[in-house]
Structures are given as structure tokens and as C-alpha cells.
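In: Turn this into a structure:
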Amino acid sequence: MWTLYLLECERGPERVFYAGITTDMPRRFSEHQSGIGARFTRANPPLRIVATRAYPDRASASRAEADLKKLPRIRKPAFFD
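Out: Numbering: from 1, shown residues only. Presented below is the predicted three-dimensional model:
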């Protein structure tokens with residue numbers, strides 16, 4: 001199973017989102033928090049996992065990630081409803 005996830009990250013006084021896919025959410029979130037995840041989360045530390053959704057394969061998770069990233073920031077959490 002693949003998981004699409006949305007993180008809330010800190011960028012100064014504002015909050016921003018980071019989306020990604022993984023097969024091991026606890027490990028990946030730990031990597032982001034420890035600074036060995038994506039470049040974006042090294043510069044904008046993750047605060048929490050906002051939402052996740054499981055997908056049966058990498059292709060469908062990647063398509064969902066691309067769709068999520070096209071949305072405006074305010075609509076990204078609702079993608080998981």
C-alpha cells in the first residue's frame with residue numbers, strides 16, 4: 001500500500017503544506033522531522049500530519065499527489081474528505 005500525505009510545515013509566522021507519498025508513514029514523517037527528508041521540509045520543519053489516504057499502488061498515489069499539488073492551499077485539506 002502507498003500513502004498520500006499532507007504535512008503542515010512552519011515557514012516563519014505562516015503555515016504551509018507539503019504533500020508526498022510513501023509506503024511507511026511513521027518512518028517518512030520521522031525523516032522529515034529529523035532533517036533527512038525533502039529539501040522543503042529541511043527548510044520548513046513539519047509540525048504535524050494533516051491527513052493521509054491509502055492507495056493500492058504507486059501510480060495511483062502519484063496521480064493523486066499531482067492532483068493535490070494543483071489545488072490552492074486552502075483547498076488541500078479538503079482533498080482528503
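In: What's the mean pLDDT across stretch 42-56?
Out: Stretch 42-56 shows a mean pLDDT of 96 in the predicted model.
In: Return the set of buried residues in that stretch.
Out: 44, 46, 50-51, 53, 55 (16 or more other C-beta atoms under 10 Å). Backbone N, C-alpha and C define where each C-beta goes, glycine included.
In: Looking at the residues you listed, which is nearest Ile21?
Out: Proximity of those to Ile21 (C-beta to C-beta) peaks at Tyr55, which lies at 7.8 Å.
In: wouldn't that closest one be in contact with Ala64 here?
Out: Yes. In terms of C-beta atoms under 8 Å, Tyr55 counts as a neighbour of Ala64; the distance is 6.2 Å.
In: Which neighbours do those two have in common?
Out: Common neighbours of Tyr55 and Ala64, using C-beta atoms under 8 Å, 6 or more residues apart in numbering, are Leu4.
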